[in-house]
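J.: task: produce atomic coordinates for the following.
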Amino acid sequence: MSYALLFPGQGSQEVGMARGLVERSRTARSLFQRADEALGFPLSRIVFEGPEEELRKTEFTQPAILVASLAAFEVLREEMGSDLAPAFLAGHSLGEYSALVASGVLALEDGVRLVHLRGRLMQEAVPLGEGAMAALLGLTADQVRQICAAVDGERVCEAANFNSPGQIVVSGHVDALERAMSLAKEMGAKRALLLNVSAPFHCRLMAPVADRLREAFSSMTWCEPTWPIVTNAWATPQGTVDSLQRALYEQTFSPVRWEESMLHLGTLGVDRFLEVGPGRVLSGLAKKCLKGASTANLGDVGDIEGSLAFLKEGQ
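T.: Numbers count the residues shown, from 1 in each chain. Down below sits the predicted model:
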């Protein structure tokens, strides 16, 4: 059976992430230097020194996680060389941009500029405190769709993340989400809670952001991917620049179909997943989505030996 590399999204950040990789690898260190130069501000200082409040700002969080994930990926590539042969790549929301850079579709510089713009535009799209996201736990996808259909209207409430069975996130205006959470509890949800995020991602409130990002696409150099990428918007592998651009555009205001993505990878013979970047969220989701899935993580220097052993087991 084959393996896929998974790249984490927003929420996986922590001050000091990837520090060991940077100390070990000149290539990883150069990624942060290149990112600082491309952005025109010291992203590396925010990542390694904080403060945490600064790192949590969406416009900094997104490029920070992308560069930390790519640092882990480059160390993996240094260690494995031509033996690095994932069948597919996938990334959760922001992580899809990391996957694009890892697969050679975008240069690191274009990737960090694009997600920095994405983060800033997302934050500006809805006044602070007016938009939010909420997790509805223990309901089916159909139940969540029913709730959204009952609540959504002038005030937005849409499904934003189908993460795993029973773990679905909705996005929109705070008052609409509060009504959705009440309905969810009436329908037997185990939990319904607002998430600590600064904007309502992956709903139609983000459509203006998608338009601005698509304008930015034209100023960047795009290449065919080394490995196909399973996109959030369509939950299927894509291998051309045109399809990846369209999927990335739609991803901004469409739900992240992560459970479907994992199930589709399973039908394609993938049963092993290496999460490349900070955190272990996607490893946990993979096991919830696919029975028998094996996972490992490469977030910092202490994970290298275990990750290499994990990939070599299946060869």
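
J.: now the closest residue to Q146 other than its chain neighbours, what are its backbone angles?
T.: Spatial nearest neighbour of Q146, excluding adjacent residues (Cβ to Cβ, 6 or more residues apart in numbering): M187 at 8.0 Å. In short, each C-beta sits where N, CA and C put it, glycine included. Note on M187: backbone dihedrals following degrees, to the nearest 10 are phi -90, psi 0.

J.: do E59 as well
T.: phi -70, psi -20.

J.: burial measure for it, as a count.
T.: For E59, the count of nearby residues is 19 (other Cβ atoms under 10 Å).

J.: ok, it - contacts?
T.: Residues near E59 by Cβ atoms under 8 Å, 6 or more residues apart in numbering: H116, G119, R120, Q123.

J.: what strand or helix carries the second one?
T.: Using DSSP states H and E, G119 falls within helix 108-125.

J.: after that helix comes which helix or strand?
T.: strand 131-137.

J.: so for the very next helix or strand once past that following strand, what's the average pLDDT?
T.: Once the chain leaves strand 131-137, the next helix or strand it forms, by DSSP H and E, is helix 141-151. Averaged over helix 141-151, pLDDT sits at 98.

J.: now the next helix-or-strand element following helix 141-151: how far from the chain's centre is it?
T.: Moving toward the C-terminus from helix 141-151, the next helix or strand (DSSP H and E) is strand 157-164. How far strand 157-164 lies from its chain's middle: 14 Å, per Cα atoms, centre = their mean, to the nearest Å.

J.: equivalent analysis for stretch 259-269, please.
T.: Once both centres are worked out by Cα atoms, centre = their mean, stretch 259-269 turns out to sit 17 Å from its chain's centre.

J.: next one: stretch 248-267
T.: That offset, for stretch 248-267, works out to 11 Å (Cα atoms, centre = their mean).

J.: what's the end-to-end length of that stretch?
T.: 23 Å (Cα to Cα, to the nearest Å).

J.: equivalent analysis for stretch 100-111, please.
T.: First residue to last in stretch 100-111 (Cα to Cα) measures 8 Å.

J.: what are the buried residues along that stretch?
T.: L100, V101, A102, S103, V105, L106, A107, L108, E109, D110, G111 (16 or more other Cβ atoms under 10 Å).

J.: contacts for that stretch, please.
T.: Contacts of stretch 100-111 (Cβ under 8 Å, 6+ apart): 5, 7, 31, 34-35, 37-38, 66-67, 69-70, 73, 89, 91, 97-98, 114, 220-229, 241, 244, 248, 276.

J.: list buried residues within those.
T.: Looks like these have 5, 7, 31, 34-35, 38, 66-67, 69-70, 73, 89, 91, 97-98, 114, 222, 225, 227-229, 241, 244, 248, 276 buried, using 16+ other Cβ under 10 Å.

J.: quick one: the residue nearest to Q146 and V144 touch, right?
T.: No. M187 is beyond contact range of V144, at 9.1 Å (criterion: Cβ atoms under 8 Å).

J.: list the contacts of L5.
T.: L5 is in contact with F73, P86, F88, L89, A90, A99, A102, W227, F273, L274, E275, V276, counting by Cβ under 8 Å, 6+ apart.

J.: got the contact list for the closest residue to the fifth one other than its chain neighbours?
T.: Of all residues not flanking A90 in the chain, V230 sits nearest, at 4.2 Å (Cβ to Cβ, 6+ apart). When contacts are counted by Cβ under 8 Å, 6+ apart, V230 is found next to A4, F88, L89, A90, T236, P237, Q238, S261, H264, L265.

J.: can you tell me which of those is nearest E154?
T.: E154 has its nearest neighbour among these in S261, at 31.8 Å by Cβ to Cβ.

J.: ok, the closest one to G16 distance?
T.: Note on S261: its distance to G16, by Cβ to Cβ, to the nearest Å, is 30 Å.

J.: between the two, who's got more neighbours?
T.: S261 (27 against 14).

J.: touching, the more buried one and L89? I think so.
T.: No. In this structure S261 lies outside contact range of L89 using Cβ under 8 Å: 11.0 Å.

J.: D175: helix or strand, and which one exactly?
T.: Per DSSP H and E, the secondary structure element for D175 is helix 174-186.

J.: any buried residues in that helix, and which?
T.: Per 16+ other Cβ under 10 Å, helix 174-186 contains these buried residues: V174, A176, L177, E178, R179, A180, M181, L183, A184.

J.: what's it packed up against?
T.: strand 131-137, helix 141-151, strand 157-164, strand 167-173, strand 191-194 (3 or more Cβ pairs under 8 Å, 6 or more residues apart in numbering; DSSP states H and E).

J.: would you mind getting the angle between it and helix 141-151?
T.: Per axes from the mean of the first three to the mean of the last three Cα atoms, to 10 degrees, the angle that helix 174-186 makes with helix 141-151 is 130 degrees.
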